[in-house]
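[1] model this:
(2 chains)
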There are 2 protein chains.
Amino acid sequence: MSREFFTARTVGEALAGFRPARRTAVEDVGLAEALHRVPAADIRAPSAMPGFARSTVDGYAIRAADSYGASEGLPSYLDLAGAVRMGAAPTVVVSHGKCVAIPTGAVLPDGADAVVMVEYTAETMPGTIEVTRPVAPGSGLVRADEDAAAGDVLVSAGQPLRAPQLGFLAAAGVTTVAVHARPRVAIVSTGDEVVPPETAVLAAGQVRDATASALAGLVREAGGEPVVAGIVLDDRDALESTLRSALRDADMVVVSAGSSVGARDETAGAVAALGEIWCHGLAIKPGKPTLLAECAGVPLIGLPGNPLSALVVFQLVGVPLVWRLAGAERPPPQPSVRARLSRDLASATGRLDVVQIALRDGVAEPLFGPSALLSVLARADGYLVVPEPATGLDGGTEVEVILYR
Amino acid sequence: MSREFFTARTVGEALAGFRPARRTAVEDVGLAEALHRVPAADIRAPSAMPGFARSTVDGYAIRAADSYGASEGLPSYLDLAGAVRMGAAPTVVVSHGKCVAIPTGAVLPDGADAVVMVEYTAETMPGTIEVTRPVAPGSGLVRADEDAAAGDVLVSAGQPLRAPQLGFLAAAGVTTVAVHARPRVAIVSTGDEVVPPETAVLAAGQVRDATASALAGLVREAGGEPVVAGIVLDDRDALESTLRSALRDADMVVVSAGSSVGARDETAGAVAALGEIWCHGLAIKPGKPTLLAECAGVPLIGLPGNPLSALVVFQLVGVPLVWRLAGAERPPPQPSVRARLSRDLASATGRLDVVQIALRDGVAEPLFGPSALLSVLARADGYLVVPEPATGLDGGTEVEVILYR
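    Numbers count the residues shown, from 1 in each chain, chains lettered A, B, ... in the order given. As a prediction, this is how the structure comes out:
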């Protein structure tokens, strides 16, 4: 197809330019279901946190001025006026010359403006506390709104929720959050030779569908909900009908095109009938025959038929799209490791090269062989991206390998 | 407690030495549920893969010897004997002087030992194919067992399954895998001042349970199933009874001890009555008052009462334990990034220091302030580990920040 040559793009252009506006609906979920979900709006503190001035040490609540000048040689002596219990309102007030015993985390009693650590005190006589170090006002405590004032933003819209943030929301009493629904990603496989993985015995020339299961895993990792839509023969009408139905039910459609040129043209033809093709051809190896389209607002990615190529493209272009559909501006960080390249790698300028890598003792070993080999999928610990401007990498170079989780 | 001083350990000692033998039961799950699950045994190929010699290019199946010496100036001429269809058994044989058209992925016909790419051929006369480059035997194809021979290990026991591996298993026809069950991790919170996150209005001195929600998130990320067991008052009998019941139902128990010294002693006392304390005290800041124990084979971690300290310890010591319970020798890689430290960091030799970090434009900004502040949980992008031997880090040093996901 001539289109392939006219609308080829770089991966960078695709990430910057192919940005469908669609977002999933907003739903309320409890904190237990909120991990890695994306808040649809800033979440604010309903009231000040911690809500009361709180001791951060075990010790005595005092007026700081009563400790000024205190030393080992010349302690301040304060009358013990009582104690504060954990989780209870103080029943005593601290006035000049008095102190109140207080555990870590308890409410600062009225009148006190500091807590002196027990280590710098001694109860030399019953009811009398010796203070051997001066403390400044505000020391040994957090203010009532030091964590957050009422209305402060606790977590921001568009940032996937992390485990520690769930704790902060719980502390604020926010136990339900409005997040974007998990994007439903329909996965369509095509190819006359492709049969379901459950097929026990293959007829000559048949292959089981590897791509759909791997893509489903990547969709899950990206917080999406994979919907495996099955296998379509290399038939234009059948494909168009399957895509039409997938587009109706999903937030995104991924179709692994047949591996032959003819099958790819069928896909492009079917997609062109359903929406607008943004590009056909990506400057990436493997993965060149990639198609990006938007069909009535739903993004559609036509992936190469080769499973490894399909995964490479989906990781680089599809995963950020899944996160975008859920309202996240960028995907969360991926694990990576630095390693020394075991050998020279050639690369063409103007094309992103993605090389599968096995790691051994800090050495990055490129996995080559015919692109049809699937065992690379099992052996690769991660992949290396050789950017467009590079003409290759020398053996021994320190490279960053993005790791499969 | 004197025990605290006698059995304090480094984090390295804990990771190497506290290794309960318990593993979760083995269960069969479908590929759609197998992502990040840990196979209980090596998974082997039921038969050779791909199972037939397969073309890796669009072109013509030939006997390689028929192309020897071919060039643009002096091509080899071969008779076109037919074509192979995708997904079907070949109906023709390649003999000397003949060729058969074949698409990428189709079955190599009998008699052929190579495929020449269409780019190096021309059909000058109907039925006659010109070959302009020599090919070696085996080129343009993969052998019937090149991906795997029958019985080869496809994925190894003890390694959490990655998305690409799911594709490889699907290609092999392995659609059910025997994996370890998700470890059930009981999360017990203690403290007279601690109330459930759902509590709308706090009485003076009360705090909502932040730790349980954050720990539940970390347990999920580690492939475990959090079981939030609720809040227990600082009462030895109540705690012992709750722990006893949690130990019965869970593969691991985590208890966030009260923040006061007395509460910590209560926890240690209750745990000592239920099993064997492996250490009480970790050389880590924050997180020193950590307790590790094994109770009738079930590992138990007593965490510091402060939520941030509790998370730090759970990430360093608890997460690897959850993976171990599921049969994984080590946790999958965590995302991290290199960044320049914005300021000097002091650290004590012999103690692991964990510093929460906010990242801004490649600069790692340590987040300090009273350890009681929970807002650090929301503001931290990750954390920095200053190892035991270090006495500190200079501002401007390049450091590795482990990122929250």
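[2] check contacts around A:Val188.
    Contacts for A:Val188 (CB atoms under 8 Å, 6 or more residues apart in numbering or on different chains) come out as A:Ala229, A:Gly230, A:Val232, A:Leu239, A:Thr242, A:Leu243, A:Ala246, A:Val253, A:Val254, A:Val255, A:Ser256. (Glycine included, C-beta is placed from N, CA and C.)
[3] could you redo those residues as a markdown table and give each row neighbour count, secondary structure and pLDDT?
    Below are these laid out as a markdown table (neighbours: other CB atoms under 10 Å in any protein chain shown; DSSP: H, G, I helix; E, B strand; the rest coil; pLDDT from 0 to 100):
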| residue | neighbour count | secondary structure | pLDDT |
| --- | --- | --- | --- |
| A:Ala229 | 21 | strand | 95 |
| A:Gly230 | 13 | strand | 94 |
| A:Val232 | 23 | strand | 94 |
| A:Leu239 | 25 | helix | 94 |
| A:Thr242 | 23 | helix | 96 |
| A:Leu243 | 28 | helix | 96 |
| A:Ala246 | 25 | helix | 96 |
| A:Val253 | 30 | strand | 98 |
| A:Val254 | 30 | strand | 97 |
| A:Val255 | 27 | strand | 95 |
| A:Ser256 | 31 | strand | 90 |
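[4] Kindly indicate which of those lies nearest chain B.
    Among the contacts of A:Val188, A:Ser256 lies closest to chain B (CB to the nearest CB), at 10.7 Å.
[5] What residues are bridge-paired with that closest one?
    A:Ser189, A:Leu303 (DSSP bridges).
[6] Include distance to A:Val142 when you put the contacts of A:Val188 into a markdown table, please.
    Output for these, formatted as a markdown table (distance: CB to CB, whole Å):
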| residue | distance to A:Val142 |
| --- | --- |
| A:Ala229 | 54 |
| A:Gly230 | 57 |
| A:Val232 | 61 |
| A:Leu239 | 62 |
| A:Thr242 | 59 |
| A:Leu243 | 57 |
| A:Ala246 | 53 |
| A:Val253 | 51 |
| A:Val254 | 49 |
| A:Val255 | 55 |
| A:Ser256 | 55 |
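[7] quick one: which of those is nearest A:Ala270?
    A:Leu239 (4.5 Å; CB to CB).
[8] Surely that closest one and A:Ala272 touch.
    No. Counting by CB atoms under 8 Å, A:Leu239 stays clear of A:Ala272, with 11.8 Å between them.
[9] Tell me, please, where in chain A the pLDDT is lower than the cut-off.
    A:1-7, A:258-264, A:371 (pLDDT under 70).
[10] Quick check: can you list the domain ranges of it?
    Domains of chain A are assigned by automatic domain parsing as A:3-25+A:181-325, A:30-49+A:146-180, A:54-142, A:336-403.
[11] Tell me the gap between the third one and the middle of its chain.
    Taking CA atoms, centre = their mean, to the nearest Å, one finds domain A:54-142 lying 45 Å from the centre of the chain it belongs to.
[12] Now look at that domain and say if it contacts chain B.
    Yes. For domain A:54-142, a contact with chain B is found by CB under 8 Å from any CB of the partner chain, at A:54, A:56, A:58, A:84-90, A:103-107, A:141-142.
[13] One more: the shortest one?
    Yes. Against chain B, domain A:30-49+A:146-180 shows contacts by CB under 8 Å from any CB at A:31-32, A:35-36, A:49, A:146-148, A:154-155, A:160, A:162-175.
[14] for that domain, how far is the first residue from the last?
    End-to-end distance of domain A:30-49+A:146-180 (CA to CA, to the nearest Å): 13 Å.
[15] which residue ranges form the strands in the stretch 1-150 of chain A?
    A:26-30, A:43-44, A:54-55, A:59-62, A:76-83, A:98-102, A:114-117, A:121-125, A:128-131, A:141-142 (DSSP state E, counting those that start in this stretch).
[16] and among those strands, the most buried is which?
    The highest average neighbour count among these, using mean count of other CB atoms under 10 Å in any protein chain shown, belongs to strand A:59-62 at a mean of 29.
[17] partner strands of that one, parallel or antiparallel?
    Strand A:59-62 has the following sheet partners, assigned by DSSP bridges: strand A:98-102 (antiparallel), strand A:114-117 (antiparallel).
[18] now the angle from the longest one to strand A:121-125?
    When you say that, I think you mean strand A:98-102. 120 degrees (axes from the mean of the first three to the mean of the last three CA atoms, to 10 degrees).
[19] Can I get strand A:98-102 in CSV, CA atoms only?
    Provided in CSV are the C-alpha atoms of strand A:98-102 (Å, rounded to 0.1, in the frame of the first residue of the first chain):
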residue,chain,number,x,y,z
LYS,A,98,4.5,22.6,85.5
CYS,A,99,4.9,19.6,83.2
VAL,A,100,2.7,16.7,82.1
ALA,A,101,3.9,13.2,81.1
ILE,A,102,3.1,12.4,77.5
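[20] circling back: make JSON lines from the domains of chain A and add distance to B:Pro335 to it.
    Below are the domains of chain A laid out as JSON lines (distance: least, CB to CB, whole Å):
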{"stretch": "domain A:3-25+A:181-325", "distance to B:Pro335": "12"}
{"stretch": "domain A:30-49+A:146-180", "distance to B:Pro335": "11"}
{"stretch": "domain A:54-142", "distance to B:Pro335": "31"}
{"stretch": "domain A:336-403", "distance to B:Pro335": "7"}
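[21] Nearest approach to B:Ala70 belongs to which of these?
    Short answer: domain A:336-403, nearest of the domains of chain A by CB to CB, at 22.1 Å.
[22] what about that closest one, near chain B?
    Yes. Domain A:336-403 lies within reach of chain B by CB under 8 Å from any CB, at A:Ser336, A:Val337, A:Pro370, A:Ser371, A:Ala372, A:Leu373, A:Leu374, A:Ser375, A:Leu377, A:Ala378, A:Ala380, A:Leu403.
[23] gap between the two ends of that domain?
    First-to-last residue span, domain A:336-403, CA to CA: 5 Å.
[24] Run the chain-centre distance for it.
    Put simply, domain A:336-403 sits 24 Å off its chain's centre (CA atoms, centre = their mean).
[25] Find the nearest non-adjacent residue to A:Tyr404, please.
    B:Arg162 (4.1 Å; CB to CB, 6 or more residues apart in numbering or on different chains).
[26] re earlier: of the contacts of A:Val188, just say which sits nearest to A:Ala16.
    Nearest to A:Ala16 among the contacts of A:Val188 is A:Val254, at 20.5 Å by CB to CB.
[27] so the closest one sits right up against A:Gly318, yeah?
    Yes. Between A:Val254 and A:Gly318 there is a contact under CB under 8 Å: 6.4 Å.
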